[in-house]
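>>> Sequence and predicted structure are below.
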Amino acid sequence: MDTINNDIAYTLVSEKEIDEIVTRIAAEIDRDYAGSDKKLLLLCILKGSVVFMGELMKKITVPLEIDFMKVSSYGSGTVSAGRLNILLDLARPDMSELDIVIVEDIIDSGKTLSYLVKYLELKGAHSVRTATMLDKPSRREVEFTPNYIGLDIPDEFVVGFGLDYDEKFRNLPYVGVLKREVYSN
């Protein structure tokens, strides 16, 4: 772990702060879905969101199901490809019975989540909301506001707690700002 910690400029969100964020969002979801006659489905967007969703689902007390989608919106490194490819789709016969909460690790441009919300609504979901651990509203390219927001952060390149750079750093227990020299080379 020391090797990857050396690539971090500073800690942006500590383990304690992450736990507080997850606890708060879980309580908000519990409040909003208590007594619902629909199935609550946490929909994890792979890969980065799996750590956040794992912690979030442990703290939600209302009955829920989980499922996964995998989408690709990035080319390589830090450059967006500008299009969305669905690599693993959600295929369920009970879409009209689902209150879906899309779980995302971080929102930048908003394009991916904006598209996915509309896509799942067109597939017949009863309702679709979004939860993100981190939000960068300064990077927004489309009109989009998540329903559940852990923390607004500055426009920094962050890794850890599921977030990666070139598939590395996901295993950090905190969110840190990556040193510029790591991704500028």
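All right, it came through fine.
>>> need the helices for this protein, in chain order.
Applying DSSP state H to the chain gives helices spanning 2-5, 15-33, 50-59, 111-122, 180-184.
>>> what does the shortest one rub up against?
Same thing as helix 2-5. 168-169, 171-172 (Cβ atoms under 8 Å, 6 or more residues apart in numbering). To be clear about C-beta, it is placed using only N, CA and C from the backbone, and glycine gets the same treatment.
>>> buried set for that helix?
residue 4 (16 or more other Cβ atoms under 10 Å).
>>> so for that helix, what's the average pLDDT?
Helix 2-5 shows a mean pLDDT of 76 in the predicted model.
>>> Pick out the shakiest of the helices of the chain, pLDDT-wise.
Minimum mean pLDDT among the helices of the chain: helix 2-5, a mean of 76.
>>> Kindly export that one (C-alpha atoms) in CSV.
Included here for helix 2-5 are C-alpha records, laid out as CSV according to Å, rounded to 0.1, in the frame of the first residue of the first chain:
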residue,chain,number,x,y,z
ASP,A,2,2.9,2.3,0.6
THR,A,3,3.8,2.4,-3.1
ILE,A,4,0.4,3.7,-4.2
ASN,A,5,0.1,6.0,-1.2
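>>> Pull the distance from that helix to the chain's centre.
Taking the mean of its C-alpha atoms, helix 2-5 sits 24 Å from the chain's own mean (Cα atoms, centre = their mean, to the nearest Å).
>>> For beta bridges, what are the partners of the spatially most central residue of the chain?
Nearest to the mean C-alpha position of the chain, counting by Cα atoms, centre = their mean, stands residue 104 at 1.3 Å. With DSSP bridges applied, residue 104 shows beta-bridge pairing to residue 132.
>>> residues in contact with it?
Per Cβ under 8 Å, 6+ apart, neighbours of residue 104: 45, 48-49, 52, 112-113, 130-133, 146.
>>> buried ones in stretch 168-181?
The neighbour-count check on stretch 168-181 (16+ other Cβ under 10 Å) flags 169-170, 172, 174-178 as buried.
>>> tell me the pLDDT at the residue nearest to the centre of the chain?
Model confidence at residue 104 (pLDDT) stands at 96.
>>> okay, the contacts of helix 2-5 in a markdown table with pLDDT and distance to residue 97 next?
Shown next, in a markdown table, are those (pLDDT from 0 to 100; distance: Cβ to Cβ, whole Å):
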| residue | pLDDT | distance to residue 97 |
| --- | --- | --- |
| 168 | 94 | 39 |
| 169 | 96 | 38 |
| 171 | 95 | 36 |
| 172 | 96 | 37 |
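>>> Now distance to residue 100 too, for the residues you listed, in TSV please.
Formatted as TSV, these follow (distance: Cβ to Cβ, whole Å):
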residue	distance to residue 100
168	30
169	28
171	28
172	29
